Each structure stands twice: as C-alpha cells, then as structure tokens.
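Peer 1: Compute the structure for the input listed below.
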Amino acid sequence: MSIKLLTDSTTSIPKSFLDEKNIAMLELLIEIDGELKKEISDIDIDKFIEQIEKAEKPYTTSMSSPQHVIETFNSIIKEGYSTILYPYMTSQTSSQINAVNIAKKHIDGKLDIKFYDTQLAGPAVAPFILYGEKMIKEELSIDEIIKVFDKLKEKIYTIGFSENFNALFRTGKVKKNLKTQVVTNMLNLKPLFQIRVGKGVEGFGGGIGFNGAVKKIKEKILDETDEKIIYNLILTHSYAKENAKMLEKEIKKIRKIKEVNYFTIPPVIVNTVGKGAIIATLYPIYENI
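Peer 2: I've put the predicted structure just below:
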C-alpha cells in the first residue's frame, strides 16, 4: 500500500520542504479585491503584510475549493498512490474538512482516504506531518502511524503572541474604543494565545511588552509540558525572526530542546495575528513519544 501525506497550508511548513518530501498540500483561500486567491501560490506574503497593516477589517478567508481538492486527488492518483493520510485541523477553527469530504465523493473510490483528527490547528498540526513523513519512509502501516499520532497528540503544545492588539481590533474579537486603545498602547500589551487538544485557539490575556509576554509564555510552558521530555521546537513568525530567536533562547532555559525549525506564518493566520507575531510549538522527539 503506497501512502501519500496530505496537509493544509496553515501548518506553516514551507512549500519547498513539502515538495522535496512529496507531500501534497491544500491551500486555504483569501478574498482580495473580490477575488479568491490561494494563500501560498497566489499571494506575495510581503505585499500582503503591507496591505493588512493598513486594512480596517480582516480579509475574508475560506476553506480550499472542492475543485482544488479534486484536482489534488487526481494528481495523487496519477502519481500511482492508493492511499492518502490526512491529519486535519480541528473543525473548531476551520471547515476545511468539509471541502475534502465533498471532493472525496467525486473520485469514485479511486483513493482510500484515511482521516486523522489532530484536534489541533495551525502550526500545532505540523509535527504530525513531519513525523508522518518519516514513518511512511520507514514503511509503517497506517494503523501503526495512527497509534503514534494518538500518543503525539497529547504532548504537543503551541503558544504565541501578537505584536499588538490591532489584529484583534480588526477582527472584532476585542472591542476597539478609546479606553482599550489607550491602555493597550500605553502598556505595549501583546495578546497571548495557545492551542491545546480539543480547545482550538484560546486567548489568555496580554503581556506587558516583549519581556512580559515571554515571561507569561515560559510560565505556561512550565505548566503545560513535561520536564522529563526532550522536545523539538517550531518557531513560526511574521517578520519577527530576531524576537523569535530571543524566545528560543528563553524556552531553552526551561526545557530540553533538540531541533529548532523556523517557519513563516502563512497569510490566513497573519490575517488573524498580524505582523510581528510569534508562535512556538513544542513537540517530543520521536524517541519520547
């Protein structure tokens, strides 16, 4: 049985890596100037960040079109694969799984599609893809891979912060008025959020300045992760690599980190978190799963 991994662009894994490892990707869509565009293929991230900084409202985003998914499936069939393994993001944050289910009905059983509900979102899904690729190369069966995924799921922790409250004001998640604007600006408050299994994306207040945000992040990591485990670390950011490097140093003071990867936050997530955001995902090294 030949297995092809399928993932979403919101994992933040670079397309160059996915292409190199022959992993298929479904791109989410953003409406810009009345036109739906694929967030990786059709959008220049540099220009997008400039646009979003000036926008009063967030752009409208949506799942991949069923047609795009069908085209992806047909391409996979032509490559000679018989099975797709799709670790998908939680429906609490995205309806992407619906597009895949619609497309599945149009391929007449030509592919055996194995769904895996990660119960996570965004870069928190990336570890399933990184380890899934290794396990497929080692010729593990679908059942064996899913058993590893079940153990991995409970040990992933993702946490991050935005540069300021502007993105939240745009989305309406925080009501913008004179008082909130003055307070957040004066204190240089940075909104904090985390992603946990079955919880979706949760906000939990703000940190005063970069150091205040890092302090709260370290406190949460101490609470949510295991000091006995050696972790890998993914740092995703939107034009904040130097600050991401400083966060890496602070995380390494409290947890054992083996491997670090830096990814760029894709447009759909930038639309929510804004420029200057940093997201840290800790996941156990393979031996500790």
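
Peer 1: show me where pLDDT drops low in this structure?
Peer 2: The model of the chain has pLDDT under 70 over residues 1, 167-169, 171-187.

Peer 1: ok, which stretches of it are strands?
Peer 2: Secondary structure of the chain by DSSP state E: the strands cover 3-8, 24-26, 29-32, 35-38, 60-62, 83-88, 112-117, 157-161, 189-196, 200-208, 230-237, 256-264, 278-284.

Peer 1: Which among those is found nearest to Leu140?
Peer 2: Of all the strands of the chain, it is strand 3-8 that lies closest to Leu140, at 9.0 Å by C-beta to C-beta. Placement of C-beta: from N, CA and C, glycine included.

Peer 1: List the residues that contact Val197.
Peer 2: By C-beta atoms under 8 Å, 6 or more residues apart in numbering, the contact set of Val197 is 119-120, 153-154, 156.

Peer 1: want to throw these into CSV with distance to Thr93?
Peer 2: Converted to CSV, these look like this (distance: C-beta to C-beta, whole Å):
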residue, distance to Thr93
Gln119, 10
Leu120, 9
Lys153, 16
Glu154, 19
Ile156, 15
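
Peer 1: Among the residues you listed, which one has the most neighbours?
Peer 2: Leu120 (30 neighbours; other C-beta atoms under 10 Å).

Peer 1: any idea how far Arg196 is from that residue?
Peer 2: Taking C-beta to C-beta, to the nearest Å as the measure, Leu120 and Arg196 are separated by 8 Å.

Peer 1: shared neighbours, the two?
Peer 2: With C-beta under 8 Å, 6+ apart as the test, Leu120 and Arg196 both reach Thr158.

Peer 1: And Ile229, how far from Lys256?
Peer 2: Distance, Ile229 to Lys256, by C-beta to C-beta: 8 Å.

Peer 1: quick one, domains of this protein?
Peer 2: As assigned by automatic domain parsing, the chain contains the domains 3-28+63-153, 157-288.

Peer 1: so which of those domains comes closest to Lys54?
Peer 2: Across these, Lys54 has its closest neighbour in domain 157-288 (10.6 Å, C-beta to C-beta).

Peer 1: For that closest one, measure first residue to last.
Peer 2: Its start and end residues considered, domain 157-288 measures 15 Å (C-alpha to C-alpha, to the nearest Å).

Peer 1: more crowded one of Ile229 and Lys256?
Peer 2: Ile229 (16 against 12).
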